[in-house]
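# Have a look at this prediction, sequence included:
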Amino acid sequence: MRRQLAIMRQSLFDQGYLDEQFIELEELQDDANPNFVEEVVTLYFRDSARLILNIQQALERKPFDFNKLDGYMHQFKGSSSSIGANKVKAESTLFREYCRSANAEGCLRAFQQLKKEYATLRKKLEAYFQLARQTGPLETASRPK
Amino acid sequence: MGMAADSEFHVLAVDDSIIDRKLIERLLKTSSYQVTTVDSGSKALEFLGLHEDLHDRIDQNTPSVSPNNHQEVEVNLVITDYCMPGMTGYDLLKKIKESSSLKNIPVVIMSSENVPSRISRCLEEGAEEFFLKPVRLSDLNKLRPHMLKTKSKDHCKEQVDEKTAFPSPKQEGKEESNNNKRKATEEGVSPERTRPRPRPRPNGITTMV
């Protein structure tokens, strides 16, 4: 099972879902704070669910308030970056570019894509932490190159 | 002074993001600092004992602040996010530097955005460091010298004056004062800083050309 966990973890990096910031989080975990990573990630999912809802609602009001949308996405991007959510962060950047060029269609498309990536990440991380809880802490492997 | 434990240093961290607050708290505690986190600039000022708007305070339990602005708890460094609703990190920095009782507290700014003009502005206003987010453990190694400087302030006042007094930063080109600031902050930092960084993303203070 430990091997399975290690493989799962490595693939998250290899497939670009996570970047080295996630490793920074892992390095902050210790015996005194054994669940730090999961706690941060849980906070992230809770907080970003709220932001996604806000964005969703903002996208239902025409015309779009691009400033407001950009503001929400700035927050979302920030926290995604803080946990190492690489793909989600990239989608956020794209969305913000569309906001800045006031491209409504672009925003809608980018948001759909972002939600997909976010949902995928969430599923994968939930599976990862579930397995981690069963397995116990992993010695963190080498950094992705 | 001797080798005092870092846990005697108390850092006030300000960030409106709950994730980033949790992160900075862990980073600071891992570096053995005492930490207090708040989610806004106004709460930071309250904690520091400086009430923003004395006249509007209707809270009966709050004593009016004397001109000496007695600090409730000693804070050795303030680390704040730049982008916050209401009072930005820059606004907070300004208020701290404008306060006679707080101006010697080192302030560090964090931002997710690498905007050179923003960085210079903060450094010119007196920020000691500007960290790009996400902040990492290695960034925090830069904090200790600033806190030590403040601790020994009472013994070596000239030293502090030397470091904080820049040759008319407002008259000279921004770049120059920026360079002075960067030099000051690079003192006493480990050699790894001078190597080309392995990570593609720049850390700490950057100048973009």
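Yep, it's here.
# switch to C-alpha atoms for all contacts and neighbour counts from now on
Noted.
# Can you list the low-confidence ranges for chain B?
Across chain B, the ranges flagged by pLDDT under 70 are B:1-7, B:51-72, B:152-209.
# so which residue of it comes closest to chain A?
Residue nearest to chain A within chain B (C-alpha to the nearest C-alpha): residue B:134, separated by 5.2 Å.
# how near is the spatially closest residue to that residue that is not a sequence neighbour to residue A:53?
Distance criterion C-alpha to C-alpha, 6 or more residues apart in numbering or on different chains; nearest residue to residue B:134, sequence neighbours excluded, is residue A:82 at 5.2 Å. Counting by C-alpha to C-alpha, to the nearest Å, the separation of residue A:82 from residue A:53 is 20 Å.
# quick revisit: show me what secondary structure element comes after whichever strand or helix holds the residue nearest to residue B:134.
Counting by DSSP states H and E, the element that carries residue A:82 is helix A:66-83. Once the chain leaves helix A:66-83, the next helix or strand it forms, by DSSP H and E, is helix A:86-100.
# check contacts around residue B:102.
B:48, B:96 (C-alpha atoms under 8 Å, 6 or more residues apart in numbering or on different chains).
# Roughly how far does it sit from residue B:16?
Distance from residue B:102 to residue B:16, by C-alpha to C-alpha: 22 Å.
# Kindly report the same for residue A:31.
Distance of residue A:31 to residue B:16, computed by C-alpha to C-alpha: 28 Å.
# quick one: which of these two has more around it?
residue B:16 (19 against 8; other C-alpha atoms under 10 Å in any protein chain shown).
# Tell me which of residue A:82 and residue A:53 has more neighbours.
The residue with more neighbours, out of residue A:82 and residue A:53, is residue A:82; 26 against 11, by other C-alpha under 10 Å.
# check contacts around the residue of chain A found nearest chain B.
Here chain A gets closest to chain B at one residue, residue A:82, 5.2 Å apart by C-alpha to the nearest C-alpha. Residues in contact with residue A:82 (C-alpha under 8 Å, 6+ apart) are A:21, B:19, B:20, B:23, B:133, B:134.
# can you do 7 Å?
Contact analysis of residue A:82 by C-alpha atoms under 7 Å, 6 or more residues apart in numbering or on different chains lists A:21, B:20, B:134.
# for the residues you listed, which one is nearest residue B:85?
Here the nearest of the contacts of residue A:82 to residue B:85, counting by C-alpha to C-alpha, is residue B:20; it sits at 14.9 Å.
# okay, the helix or strand that closest one falls within in CSV with CA atoms only?
Following DSSP H and E, one finds residue B:20 within helix B:18-30. Extracted C-alpha coordinates of helix B:18-30, given in CSV (Å, rounded to 0.1, in the frame of the first residue of the first chain):
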residue,chain,number,x,y,z
ILE,B,18,-7.1,31.7,5.2
ILE,B,19,-4.9,29.3,3.3
ASP,B,20,-2.0,31.7,3.3
ARG,B,21,-2.5,32.5,6.9
LYS,B,22,-2.2,28.8,7.8
LEU,B,23,0.8,28.5,5.6
ILE,B,24,2.7,31.5,6.9
GLU,B,25,1.9,30.5,10.5
ARG,B,26,3.4,27.0,9.9
LEU,B,27,6.4,28.5,8.1
LEU,B,28,7.1,30.9,11.0
LYS,B,29,6.5,28.3,13.7
THR,B,30,8.8,25.9,11.9
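# buried stuff in it?
B:18-30 (16 or more other C-alpha atoms under 10 Å in any protein chain shown).
# near chain A, which of those show up?
Among the buried residues of helix B:18-30, the ones lying near chain A by C-alpha under 7 Å from any C-alpha of the partner chain are B:19, B:20, B:26.
# okay, the residues you listed in JSON lines with distance to residue B:45 next?
Listed next are these as JSON lines, based on distance: C-alpha to C-alpha, whole Å:
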{"residue": "B:19", "distance to residue B:45": "21"}
{"residue": "B:20", "distance to residue B:45": "19"}
{"residue": "B:26", "distance to residue B:45": "22"}
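# Return the closest of these with respect to residue B:40.
For those, the nearest to residue B:40 is residue B:20 (12.7 Å; C-alpha to C-alpha).
# measure the residue lying closest to residue A:106 once chain neighbours are set aside to residue A:41 for me?
Computed as C-alpha to C-alpha, 6+ apart, the closest residue to residue A:106 that is not its neighbour in sequence is residue A:98, at 5.6 Å. Per C-alpha to C-alpha, residue A:98 is found 27 Å from residue A:41.
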